[in-house]
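**Student:** Mind folding the following:
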Amino acid sequence: GGAGGGFRSYVSPGGFQVLVGRNNRQNDELSNSVANDNDVWMHIRGRPGSHVIIRVPAGRDPAPSDLQYAADLAAHFSKGKADSKADVIMARAAHLKKPKGAKPGQILVTKEMGNIVARPADSAAAREEAAQQQ
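**Tutor:** All right, here's what the predicted structure looks like:
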(Lines give C-alpha, C1' and ligand atoms only; values in the text may rest on other atoms or scores of the structure.)
Protein backbone atom coordinates (compact mmCIF):
# COMPACT_ATOMS: atom_id res chain seq x y z
CA GLY A 1 0.00 0.00 0.00
CA GLY A 2 1.07 3.61 0.54
CA ALA A 3 1.31 6.28 -2.13
CA GLY A 4 3.25 5.03 -5.11
CA GLY A 5 3.52 1.44 -3.86
CA GLY A 6 4.65 -0.54 -6.88
CA PHE A 7 3.32 1.96 -9.42
CA ARG A 8 5.51 3.22 -12.23
CA SER A 9 6.57 6.71 -11.20
CA TYR A 10 7.75 9.62 -13.34
CA VAL A 11 8.31 13.34 -12.83
CA SER A 12 6.81 15.78 -15.34
CA PRO A 13 8.69 18.83 -16.73
CA GLY A 14 7.00 21.03 -14.12
CA GLY A 15 7.94 18.71 -11.25
CA PHE A 16 4.60 16.91 -10.81
CA GLN A 17 4.68 13.25 -9.83
CA VAL A 18 3.05 11.02 -12.46
CA LEU A 19 1.93 7.54 -11.37
CA VAL A 20 1.09 4.73 -13.80
CA GLY A 21 -0.74 1.50 -12.94
CA ARG A 22 0.98 -1.73 -14.03
CA ASN A 23 -2.14 -3.94 -14.09
CA ASN A 24 -5.90 -3.85 -13.43
CA ARG A 25 -5.49 -4.21 -9.67
CA GLN A 26 -3.05 -1.30 -9.56
CA ASN A 27 -5.23 0.77 -11.91
CA ASP A 28 -8.11 0.18 -9.51
CA GLU A 29 -6.08 1.19 -6.47
CA LEU A 30 -4.62 4.22 -8.21
CA SER A 31 -7.95 5.61 -9.40
CA ASN A 32 -10.08 4.73 -6.36
CA SER A 33 -7.73 4.96 -3.36
CA VAL A 34 -4.53 6.84 -4.18
CA ALA A 35 -5.85 9.71 -6.30
CA ASN A 36 -6.93 12.89 -4.53
CA ASP A 37 -9.87 14.86 -5.92
CA ASN A 38 -7.64 17.51 -7.47
CA ASP A 39 -5.34 15.02 -9.22
CA VAL A 40 -5.62 14.67 -13.00
CA TRP A 41 -6.55 11.20 -14.27
CA MET A 42 -5.76 10.02 -17.80
CA HIS A 43 -6.53 6.97 -19.91
CA ILE A 44 -6.30 6.17 -23.61
CA ARG A 45 -9.73 6.66 -25.19
CA GLY A 46 -11.69 3.54 -26.05
CA ARG A 47 -8.91 0.99 -25.65
CA PRO A 48 -7.31 -1.03 -22.83
CA GLY A 49 -4.48 0.75 -21.07
CA SER A 50 -2.95 1.89 -17.82
CA HIS A 51 -4.58 4.47 -15.57
CA VAL A 52 -2.33 7.50 -15.13
CA ILE A 53 -2.51 10.07 -12.31
CA ILE A 54 -0.79 13.44 -12.09
CA ARG A 55 -0.44 14.32 -8.40
CA VAL A 56 -1.60 17.94 -8.10
CA PRO A 57 -0.81 19.70 -4.80
CA ALA A 58 -3.34 22.26 -3.56
CA GLY A 59 -2.93 25.64 -5.19
CA ARG A 60 -1.03 24.34 -8.20
CA ASP A 61 -2.11 23.42 -11.70
CA PRO A 62 -0.26 21.35 -14.27
CA ALA A 63 0.93 23.25 -17.35
CA PRO A 64 0.13 21.99 -20.87
CA SER A 65 3.62 20.43 -21.00
CA ASP A 66 2.86 18.42 -17.84
CA LEU A 67 -0.45 17.23 -19.27
CA GLN A 68 1.22 16.25 -22.56
CA TYR A 69 3.96 14.39 -20.67
CA ALA A 70 1.40 12.30 -18.75
CA ALA A 71 -0.80 11.74 -21.81
CA ASP A 72 2.18 10.42 -23.78
CA LEU A 73 2.78 7.93 -20.94
CA ALA A 74 -0.90 6.93 -20.89
CA ALA A 75 -0.72 6.20 -24.62
CA HIS A 76 2.59 4.33 -24.33
CA PHE A 77 1.28 2.01 -21.59
CA SER A 78 -1.77 1.00 -23.63
CA LYS A 79 -2.91 -0.91 -26.69
CA GLY A 80 -2.19 2.27 -28.66
CA LYS A 81 1.55 2.06 -27.99
CA ALA A 82 2.44 1.36 -31.65
CA ASP A 83 0.29 4.21 -33.02
CA SER A 84 1.87 7.53 -33.96
CA LYS A 85 -0.97 9.40 -32.22
CA ALA A 86 -3.66 8.43 -29.74
CA ASP A 87 -6.54 10.22 -28.02
CA VAL A 88 -6.27 10.37 -24.24
CA ILE A 89 -9.11 11.32 -21.87
CA MET A 90 -8.37 13.78 -19.04
CA ALA A 91 -10.51 14.16 -15.94
CA ARG A 92 -10.17 15.38 -12.37
CA ALA A 93 -10.05 12.36 -10.06
CA ALA A 94 -13.07 13.84 -8.25
CA HIS A 95 -15.12 12.97 -11.36
CA LEU A 96 -14.26 9.26 -11.35
CA LYS A 97 -16.80 6.74 -10.18
CA LYS A 98 -16.46 3.01 -9.73
CA PRO A 99 -19.64 1.39 -11.04
CA LYS A 100 -21.33 -1.14 -8.75
CA GLY A 101 -20.07 -4.64 -9.48
CA ALA A 102 -17.37 -3.36 -11.84
CA LYS A 103 -14.31 -5.47 -12.56
CA PRO A 104 -10.97 -4.19 -11.22
CA GLY A 105 -9.71 -1.32 -13.34
CA GLN A 106 -13.16 -0.42 -14.70
CA ILE A 107 -14.10 3.17 -14.02
CA LEU A 108 -16.71 5.69 -15.05
CA VAL A 109 -15.74 9.26 -15.92
CA THR A 110 -18.66 11.48 -14.93
CA LYS A 111 -17.13 14.68 -16.33
CA GLU A 112 -14.18 15.08 -18.67
CA MET A 113 -11.64 17.92 -18.60
CA GLY A 114 -11.02 17.27 -22.26
CA ASN A 115 -9.07 15.27 -24.80
CA ILE A 116 -5.36 15.38 -25.45
CA VAL A 117 -3.61 14.01 -28.53
CA ALA A 118 -0.73 11.92 -27.27
CA ARG A 119 2.33 10.63 -29.07
CA PRO A 120 3.41 7.35 -27.44
CA ALA A 121 6.88 7.46 -29.03
CA ASP A 122 7.55 10.84 -27.38
CA SER A 123 6.87 9.46 -23.89
CA ALA A 124 9.57 9.30 -21.24
CA ALA A 125 9.10 5.52 -21.17
CA ALA A 126 9.66 5.16 -24.93
CA ARG A 127 12.78 7.33 -24.70
CA GLU A 128 14.12 5.15 -21.85
CA GLU A 129 13.51 1.99 -23.88
CA ALA A 130 15.25 3.47 -26.91
CA ALA A 131 18.28 4.44 -24.81
CA GLN A 132 18.54 0.92 -23.40
CA GLN A 133 18.55 -0.59 -26.89
CA GLN A 134 21.55 1.45 -28.07
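
**Student:** May I have the phi/psi pair for the residue lying closest to Met113 once chain neighbours are set aside?
**Tutor:** On the basis of CB to CB, 6 or more residues apart in numbering, the spatially nearest residue to Met113 that is not a chain neighbour turns out to be Met90, at 4.2 Å. C-betas here are computed from N, CA, C, even on glycine. For Met90, the backbone dihedrals are phi -120, psi 140 (criterion: degrees, to the nearest 10).

**Student:** got a list of what Met90 touches?
**Tutor:** Under the criterion of CB atoms under 8 Å, 6 or more residues apart in numbering, the contact list for Met90 reads 40-42, 67, 71, 112-116.

**Student:** neighbours of the residue nearest to Arg45 when sequence neighbours are not counted, just the number please.
**Tutor:** For Arg45, the nearest residue in space outside its immediate sequence neighbours is Asp87; the separation is 4.1 Å by CB to CB, 6+ apart. When neighbours are defined as other CB atoms under 10 Å, Asp87 has 16 of them.

**Student:** Skip ahead from the helix or strand hosting Asp87 and say which helix or strand is next.
**Tutor:** Element membership of Asp87, judged by DSSP states H and E, is strand 86-92. If you walk from strand 86-92 toward the C-terminus, the next helix or strand you reach (DSSP H and E) is strand 96-97.

**Student:** still on that earlier bit, run me through the strand neighbours of the strand holding Asp87, direction for each.
**Tutor:** Applying DSSP bridges, strand 86-92 is found paired with strand 40-44 (antiparallel), strand 114-118 (antiparallel).

**Student:** outside of the first one, which residues touch it?
**Tutor:** Going back to what we said before, that points to strand 40-44. Applying CB under 8 Å, 6+ apart, the set of residues contacting strand 40-44 from outside is 31, 35, 49-54, 56, 62, 67, 70-71, 74-75, 78-80, 86-93, 96, 107, 109, 113, 116, 118.
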